[in-house]
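*Asks:* When you get a sec, could you give me coordinates for this:
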Amino acid sequence: MMWWFHDGSDWWMAFGALWMVVFWGVVAAVAIWAFRVLAGGRQETDSPTEIAKKRLARGEITLEQFEEIKKAL
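*Replies:* Below you'll find the model as predicted:
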């Protein structure tokens, strides 16, 4: 009837559980990071002025419209 006697294995079980959580957390973080890298990563957005310059270069807006956009910004 020595079932109540603990030889310190409680701490090892807690330590093992902690490492399991850390391990799976790292695995999940690496998986998310890899997915983001393979999916194209972050796309940087252009400033409004850069967008207007590109539209002017493509001929979507005239020079007067571009100047209006610049003044408004």
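*Asks:* Per the annotation, how does the chain divide into domains?
*Replies:* 12-42, 44-73 (automatic domain parsing).
*Asks:* And the shortest one, what's buried?
*Replies:* This means domain 44-73. Burial within domain 44-73, assessed by neighbour count using 16 or more other C-beta atoms under 10 Å, is assigned to 52-53, 56, 61, 66, 69. Every residue, glycine included, has its C-beta placed from N, CA and C.
*Asks:* Tell me the one of those residues nearest residue 30?
*Replies:* Nearest to residue 30, judged by C-beta to C-beta, of these is residue 53 at 39.3 Å.
*Asks:* Now the closest one: closest residue in space, sequence neighbours ignored.
*Replies:* Closest residue in space to residue 53, ignoring its immediate chain neighbours: residue 66 at 7.6 Å, by C-beta to C-beta, 6 or more residues apart in numbering.
*Asks:* I'd like the list of the buried residues of domain 44-73 that fall within helices, please.
*Replies:* Judged by DSSP state H, helices contain the following of the buried residues of domain 44-73: 52-53, 56, 66, 69.
*Asks:* still on that earlier bit, could you dump the buried residues of domain 44-73 into a markdown table with pLDDT and distance to residue 10 added?
*Replies:* Output for these, formatted as a markdown table (pLDDT from 0 to 100; distance: C-beta to C-beta, whole Å):
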| residue | pLDDT | distance to residue 10 |
| --- | --- | --- |
| 52 | 91 | 67 |
| 53 | 92 | 67 |
| 56 | 92 | 71 |
| 61 | 91 | 72 |
| 66 | 93 | 72 |
| 69 | 90 | 69 |
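*Asks:* what's the spacing between the lowest-mean-pLDDT helix or strand in the chain and its chain's center?
*Replies:* Lowest on mean pLDDT, DSSP states H and E among the helices and strands of the chain sits helix 9-38, with a mean of 89. Once both centres are worked out by C-alpha atoms, centre = their mean, to the nearest Å, helix 9-38 turns out to sit 18 Å from its chain's centre.
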